[in-house]
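K.L.:
fold the following for me, if possible:
(2 chains)
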There are 2 protein chains.
Amino acid sequence: MAAAPVWSVDPRTGKQREQVAVEATAQEVDEAVRAAHEARPSLADRTVRAAFLRTAADRLQGAKDHLVEAADAETALGPVRLTGELARTCYQLRAFADIVDEGAFLDVVINHPDDTATPPIPDLRRYKVPLGVVAVYSASNFPFAFSVAGGDTASALAAGCPVVVKAHPDHPALSELVAKVLRTAAAEHGIPAGVVGLVHGFEAGIELIKHPLVTAAGFTGSVRGGRALFDAAAARPVPIPFHGELGSLNPVVITEAAAAERAEAIGTGLAGSMTLGVGQFCVKPGLVLVPSGAAGDGLVKSLTDAVSDTDSGVLLDHRMRDNFIAGVAERGELADVESPVTPGAGGEHTVSAGFLTVGAEKLASEGAYDLLLEECFGPVTVVVRYDDDDQARAVLSRLPGNLTATVHLSASEAAGEGRGAEILAELTPLAGRVLVNGWPTGVAVAPAQHHGGPYPATTSTSTSVGGTAIERWMRPVAYQGAPEALLPVELRDENVLGLPRRFNGRLER
Amino acid sequence: MAAAPVWSVDPRTGKQREQVAVEATAQEVDEAVRAAHEARPSLADRTVRAAFLRTAADRLQGAKDHLVEAADAETALGPVRLTGELARTCYQLRAFADIVDEGAFLDVVINHPDDTATPPIPDLRRYKVPLGVVAVYSASNFPFAFSVAGGDTASALAAGCPVVVKAHPDHPALSELVAKVLRTAAAEHGIPAGVVGLVHGFEAGIELIKHPLVTAAGFTGSVRGGRALFDAAAARPVPIPFHGELGSLNPVVITEAAAAERAEAIGTGLAGSMTLGVGQFCVKPGLVLVPSGAAGDGLVKSLTDAVSDTDSGVLLDHRMRDNFIAGVAERGELADVESPVTPGAGGEHTVSAGFLTVGAEKLASEGAYDLLLEECFGPVTVVVRYDDDDQARAVLSRLPGNLTATVHLSASEAAGEGRGAEILAELTPLAGRVLVNGWPTGVAVAPAQHHGGPYPATTSTSTSVGGTAIERWMRPVAYQGAPEALLPVELRDENVLGLPRRFNGRLER
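P.N.:
Numbering: from 1, shown residues only, chains lettered A, B, ... in the order given. As a prediction, this is how the structure comes out:
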């Protein structure tokens, strides 16, 4: 049987652009994983690793024009967005280099012997070591930031873990280009090319998660695909951590007072957020609780105007377009669901944005309307009209886990009057990021970021964005009674590297 | 069908002592979980939680005589060991109270807005919140320290998570007593009794892991039982973290120089460690690499003398005794496996300690001798005689993951001459704790401790002993753009609680 070809496809026309590669066989996956495994020692030196990450950022930035053009041809996301996304990706690589340099992520804890403890404490010194080869499953919707050189790759390399990336079929040509840039950067630091493996093909992705030398995986994609891989990771003879970001509805609550205060601004802001990137963000607001009555009506009117004015757009591939058209049609057919602006097919290759409205009472208990509680990828949102706080709470209580939850408050509520703090506390169990008077689209790369949330938002409690993402790829090890001469330098009393650490109970920074 | 009775059994006689309870039905498990879920708000205040943990320690210590007597009647571990274990358990509860007070475990990270970042950083403030109800599966071999008031319970309560404990059938009466003490302590702080649930029965354990309101689980026990529960946790509609400690061989390497220097001391030390607590420790050294030749022979001679002098002992239950007798017999029947001291049945209710020897070449590749690479619970170890470093390494490369790995070095090797540091680096991938010139039995409760290791030692990268165990039961959440007035006090600029935190990139302690 001939190997299946991997085509680069233009989503603006649905036409094949070029054959990029062939799908990887089990043997090729094995070779990639072994090459990555062999590359581990080359990442052992943190100085080298930080330098590699910075060089990678420089080389990607240097190839900007070429990369953005290649990305746009395969994703139709447009040069402005893609240029920004590439800059973000480079920023992220450099941010992880800084984290590697600082060394706090090693979590060094040193205990000298203490005979007064029960039982007595011997000399114990703990820090974190890299897990080994990490499998990275790229997302379709961020061809730079959640793909070959994206967050999982950056954090894994920062942790000292080589990666094998399963390329997303929506941008295989770009994936090859980016992998090449990363390998060029690696070579400048004497790191073998195997440090960043790349494989194409659905079956290759399954082989990858099952490979005995793969020690952990990161995934961004659908609930269905992510859950299948999560299950495979858990079913291995030696199970491995699977950090998957699967799906999220990203609820938004508009209080009565907020709607009364600035219906138009909120409606316009919502339209911008839900249609940004043609609605292809995992943090797109997909369910918005809007009060019944005149203020809420005004908000819906403003949303209607703004969404009506939105140009139709090209989705990442034609399967997504088909799913979007079918998904919004199915939702729109539910009794008493209205479509002030009907989402659906735009031109032959595009889709047009829209939104649906429904009364909160329909969502109070299990039934056909539960379809509205499922994520629908693309430029659509569901506006749920509620009569009072209890009704809003009833809807929120029925939501699966989310990446984000948002509330829009009035100025006085934001200042502490009324239920603001209470609502914040109510939203906290629902999501990994809780926003006030903002929109969830736009995920900053920052130490305080958390991009994750209760299942199915993510399959673990960790984050895929922000400094703490590095924790995914490490495990602690403690040394007991080891003479200083034999210990890694990070664990010796004399802190020559100036690492932040906990030394005999005291935090040293 | 009548509910199955739960009996307390005396392992010294095999006779039933009293009926303690009946096995919990699915409905009773549901009630326990719901009661725990309802108790969550009572743990929200960290001051209350710390006080509760300290009161629990005080009350357990206060009931010492009664508890130790009850524990001994069901476990035959003896009052000296049990008194020590209870003290350790109380120390652990207090240590977690200190951790709660300090607040570093909240991992507070604050970022003020930064428009120079790519993309710009909004106001972001992250800390960790408790997951919710935790299921705790008790171990047989630590009726205090890894049971109802043990590490998982202490760390979960410290994190703010109520627990439902699945009692171990080897000490059901003690489990009830300890739960009662914990609930009395809870009541002193206005915390409802449901904060510590207790259920008996195998089926109840399965119901518990599947319950929708259970958010995470801790387990200490066998590979078979632990894997079944791990699989059930992963197969849930909403999978949950399962922190299981399953099994470990705990390899020990004796270098040629160490054997030459102090064969007798090492042989005696090994005998003490492998027979401690009748060999019923998860960190019992189960495989010891001893050099061929005269020095190694001397070590084996010393081990022979010391093990021969060991009294026979009572295992925790008769099923364990049967398994031990069958397990050592099966191992001893392998060709060329010798038994300088034959382990097996002692008296009618006891077992006698022993050890086996085998040549390293037998373990170099897959085959019947792999049985020797499986943990055998009880007072037995396998001494593997090796000719050179390559042969020792070949055996180590075949081991599954371990809680501990140990090396005994000569004085000059420990001082930095020879292969000491290299061996430490070689042992690091094998285990979560690496010891030099010590024995793995005895797991100190300390911030730098790590009790966990590659699968099957544990099913996650976290620890069940030591301060960082609290991380198991928490997840991060980030607040974006939230006004100070609405934020939890932990996340406000003015650090009134004096929490260690990362503030605009800088570590504050």
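K.L.:
from here on, contacts and neighbour counts on C-alpha atoms
P.N.:
Noted.
K.L.:
all helices of chain A, in order?
P.N.:
Under the criterion DSSP state H, chain A contains helices at A:26-38, A:46-62, A:64-75, A:79-102, A:151-159, A:172-187, A:202-210, A:223-235, A:256-275, A:294-308, A:318-332, A:389-396, A:411-414, A:420-427.
K.L.:
which other helices and strands contact the fifth one?
P.N.:
Read it as helix A:151-159. helix A:46-62, helix A:79-102, strand A:133-137, strand A:163-166 (3 or more CA pairs under 8 Å, 6 or more residues apart in numbering or on different chains; DSSP states H and E).
K.L.:
figure out which of those is closest to chain B.
P.N.:
Among the helices and strands packed on helix A:151-159, the nearest to chain B by CA to the nearest CA is helix A:79-102 (5.2 Å).
K.L.:
and that closest one, what's buried?
P.N.:
The neighbour-count check on helix A:79-102 (16 or more other CA atoms under 10 Å in any protein chain shown) flags A:79, A:82-101 as buried.
K.L.:
and the stretch 301-450 of chain A, which residues reach chain B?
P.N.:
A:414-416, A:420-421, A:424, A:428, A:431-438, A:442, A:444-450 (CA under 8 Å from any CA of the partner chain).
K.L.:
from those residues, list just the buried residues.
P.N.:
Using 16+ other CA under 10 Å as the burial test, these include A:414, A:420-421, A:424, A:428, A:431-438, A:444-450 as buried.
K.L.:
average model confidence for stretch A:228-239?
P.N.:
Here stretch A:228-239 scores 98 as its mean pLDDT.
K.L.:
swap in stretch A:278-297?
P.N.:
On average, stretch A:278-297 scores 97.
K.L.:
does any part of that stretch sit near chain B?
P.N.:
No: Stretch A:278-297 does not reach chain B (CA under 8 Å from any CA); its nearest approach is 13.6 Å.
K.L.:
any idea how far apart the tips of that stretch sit?
P.N.:
Stretch A:278-297 has an end-to-end distance of 25 Å (criterion: CA to CA, to the nearest Å).
K.L.:
contact partners for residue A:44?
P.N.:
Applying CA atoms under 8 Å, 6 or more residues apart in numbering or on different chains to residue A:44 gives the contacts residue A:160.
K.L.:
nearest to residue B:27, out of the helices and strands packed on helix A:151-159?
P.N.:
Ranking the helices and strands packed on helix A:151-159 by their distance to residue B:27 (criterion: CA to CA) puts strand A:133-137 first, at 41.1 Å.
K.L.:
dump the C-alpha coordinates for the closest one into PDB.
P.N.:
Provided in PDB are the C-alpha atoms of strand A:133-137 (Å, rounded to 0.1, in the frame of the first residue of the first chain):
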ATOM      1  CA  VAL A 133      10.100  13.000  25.000                       C
ATOM      2  CA  VAL A 134       6.900  15.000  24.700                       C
ATOM      3  CA  ALA A 135       4.300  14.500  22.000                       C
ATOM      4  CA  VAL A 136       2.700  17.700  20.800                       C
ATOM      5  CA  TYR A 137      -0.600  17.700  18.900                       C
END
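K.L.:
residue numbers of the stretch 51-200 of chain A in contact with chain B?
P.N.:
A:84, A:87-88, A:91, A:109-111, A:117-122, A:124-126.
K.L.:
outline the domain layout of chain A.
P.N.:
According to automatic domain parsing, chain A comprises the domains A:23-246+A:461-473, A:251-436.
K.L.:
nearest to residue B:260, out of the helices and strands packed on helix A:151-159?
P.N.:
helix A:46-62 (38.1 Å).
K.L.:
and that closest one, how far from the chain's centre?
P.N.:
Mean-position distance between helix A:46-62 and its chain equals 22 Å (CA atoms, centre = their mean, to the nearest Å).
K.L.:
cool, and stretch A:102-114?
P.N.:
30 Å.
K.L.:
end-to-end on it?
P.N.:
29 Å.
K.L.:
what does that stretch rub up against?
P.N.:
Against stretch A:102-114 from outside (CA under 8 Å, 6+ apart): A:99, A:120-129, A:468, A:470-471, A:490-491, A:499-505, B:446-448.
K.L.:
what number of residues lie near the residue nearest to residue A:499 when sequence neighbours are not counted?
P.N.:
Closest residue to residue A:499 apart from its sequence neighbours, by CA to CA, 6 or more residues apart in numbering or on different chains: residue A:103 at 5.7 Å. Residue A:103 sits with 17 neighbouring residues when counted by other CA atoms under 10 Å in any protein chain shown.
K.L.:
output the below-cut-off pLDDT ranges for chain A.
P.N.:
Scanning chain A for pLDDT under 70 picks out A:1-2.
K.L.:
just the buried residues out of the residues of the stretch 51-200 of chain A next to chain B, in PyMOL syntax.
P.N.:
If you want just the buried ones from these in PyMOL, going by 16+ other CA under 10 Å, the selection is:
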select buried, chain A and resi 84+87+88+91+109+110+111+118+119+120+121+122+124+125+126
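K.L.:
now, which of the residues of the stretch 51-200 of chain A next to chain B sits nearest residue A:276?
P.N.:
Among these, and counting by CA to CA, the member closest to residue A:276 is residue A:84, at 13.6 Å.
K.L.:
these two touch, right, residue A:22 and residue A:4?
P.N.:
Yes: using CA atoms under 8 Å, residue A:22 is in contact with residue A:4, at 5.5 Å.
K.L.:
so how many other residues sit close to residue A:52?
P.N.:
By other CA under 10 Å, neighbour count at residue A:52 equals 28.
K.L.:
oh sorry, the question was meant for residue A:487
P.N.:
18.
K.L.:
how far away is the nearest residue to it once chain neighbours are set aside from residue A:462?
P.N.:
Sequence neighbours aside, residue B:421 is the residue nearest to residue A:487 in space, at 6.9 Å (criterion: CA to CA, 6+ apart). Taking CA to CA as the measure, residue B:421 and residue A:462 are separated by 33 Å.
K.L.:
could you do residue A:488 as well?
P.N.:
For residue A:488, the distance to residue A:462 - CA to CA - is 27 Å.
K.L.:
between the two, tell me which one has more neighbours.
P.N.:
residue A:462 (22 against 13).
K.L.:
what's near enough to touch the more buried one?
P.N.:
Neighbours of residue A:462 in contact, by CA under 8 Å, 6+ apart: A:243, A:450, A:451, A:452, A:468, A:469, A:471, A:472, B:475, B:476.
K.L.:
what does it show for phi and psi?
P.N.:
phi -100, psi 180 (degrees, to the nearest 10).
K.L.:
closest residue of the stretch 251-400 of chain A to chain B?
P.N.:
residue A:400 (9.2 Å).
K.L.:
shouldn't that residue be in contact with residue A:453?
P.N.:
No: counting by CA under 8 Å, residue A:400 does not reach residue A:453; the two are 10.0 Å apart.
K.L.:
the more surrounded of the two?
P.N.:
More crowded of residue A:400 and residue A:453, by other CA under 10 Å: residue A:453, with 29 against 19.
K.L.:
residues near residue A:245, how many?
P.N.:
Per other CA under 10 Å, the neighbour tally for residue A:245 reads 29.
K.L.:
no, scratch that, I was asking about residue A:387
P.N.:
15.
K.L.:
that one contacts residue A:292, correct?
P.N.:
Yes: judged on CA under 8 Å, residue A:387 makes contact with residue A:292 at a distance of 5.4 Å.
K.L.:
alpha carbons of stretch A:117-129, in PDB - could you do that?
P.N.:
Output of stretch A:117-129 as PDB, limited to C-alpha atoms (Å, rounded to 0.1, in the frame of the first residue of the first chain):
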ATOM      1  CA  ALA A 117      11.300  16.000  63.600                       C
ATOM      2  CA  THR A 118       9.000  12.900  63.900                       C
ATOM      3  CA  PRO A 119      10.400  10.800  62.300                       C
ATOM      4  CA  PRO A 120      13.800  12.600  62.000                       C
ATOM      5  CA  ILE A 121      14.600  14.300  58.700                       C
ATOM      6  CA  PRO A 122      17.700  13.100  56.900                       C
ATOM      7  CA  ASP A 123      19.500  15.300  54.400                       C
ATOM      8  CA  LEU A 124      17.000  15.700  51.600                       C
ATOM      9  CA  ARG A 125      17.300  17.800  48.500                       C
ATOM     10  CA  ARG A 126      14.500  18.000  45.900                       C
ATOM     11  CA  TYR A 127      14.200  19.500  42.500                       C
ATOM     12  CA  LYS A 128      12.500  18.800  39.200                       C
ATOM     13  CA  VAL A 129      13.900  16.900  36.200                       C
END
